[in-house]
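Chemist: Provided below for reference: sequence and predicted model.
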Amino acid sequence: MLSRRTWSALVVLAICHGSQTLLAGDAISPDEFDKLHALIKPKPAEEKWTEIPWMTGLWQARQRAAAEGKPILLWEMDGHPLGCT
């Protein structure tokens with residue numbers, strides 16, 4: 001999965017790709033918007049993680065992992081989930 005910084009760089013490159021450089025306040029045509037939207041929208045192959053039956057309770061996950069003899073992936077972060085870097 002690409003980081004937010006990588007996505008931002010791709011969008012900037014896509015916008016600057018033409019002979020005319022667009023600034024943040026400049027309007028873009030519907031065709032340009034559709035191209036950019038298709039470029040940055042995650043493809044189905046990039047969202048396989050959504051098919052995993054994630055558990056949100058650590059204790060229940062530990063019990064299940066012990067019963068099945070499997071490891072645990074603990075994804076922990078601080079701060080707001082949409083603003084954490």
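Modeler: Arrived safely.
Chemist: Sticking with the residue of the chain most remote from its centre, tell me its helix or strand.
Modeler: The C-alpha centroid of the chain is most remote from A67, which lies 32.0 Å away (CA atoms, centre = their mean). Here A67 sits within helix 58-68, counting by DSSP states H and E.
Chemist: Flag every buried residue along that helix.
Modeler: A61 (16 or more other CB atoms under 10 Å). Heads up, the C-betas are built off the backbone N, CA and C, glycines and all.
Chemist: what is the mean pLDDT for that helix?
Modeler: Averaging pLDDT along helix 58-68 gives 95.
Chemist: what's next to that helix, contact-wise?
Modeler: Residues outside helix 58-68 that contact it (CB atoms under 8 Å, 6 or more residues apart in numbering): M55, K70, P71, I72, L74.
Chemist: Would you map the helices across the chain?
Modeler: Remark: helices assigned in the chain by DSSP state H are 4-16, 30-40, 58-68.
Chemist: Centre of the chain to the second one, how far?
Modeler: Its chain's C-alpha centre and that of helix 30-40 lie 17 Å apart, by CA atoms, centre = their mean, to the nearest Å.
Chemist: mean confidence score for that helix?
Modeler: The model assigns helix 30-40 a mean pLDDT of 90.
Chemist: cool, the first one as well?
Modeler: Here the mean pLDDT over helix 4-16 is 66, rounded to a whole number.
Chemist: can you check stretch 72-85 too?
Modeler: Rounded mean pLDDT across stretch 72-85 is 75.
Chemist: if we can go back for a sec, which of the contacts of helix 58-68 ranks first by neighbour count?
Modeler: M55 (14 neighbours; other CB atoms under 10 Å).
Chemist: From I28, how far off is the nearest residue to that residue once chain neighbours are set aside?
Modeler: Nearest-residue entry for M55: A61, 4.3 Å, with adjacent residues in sequence omitted and distances by CB to CB, 6 or more residues apart in numbering. Separation of A61 from I28 (CB to CB, to the nearest Å) stands at 45 Å.
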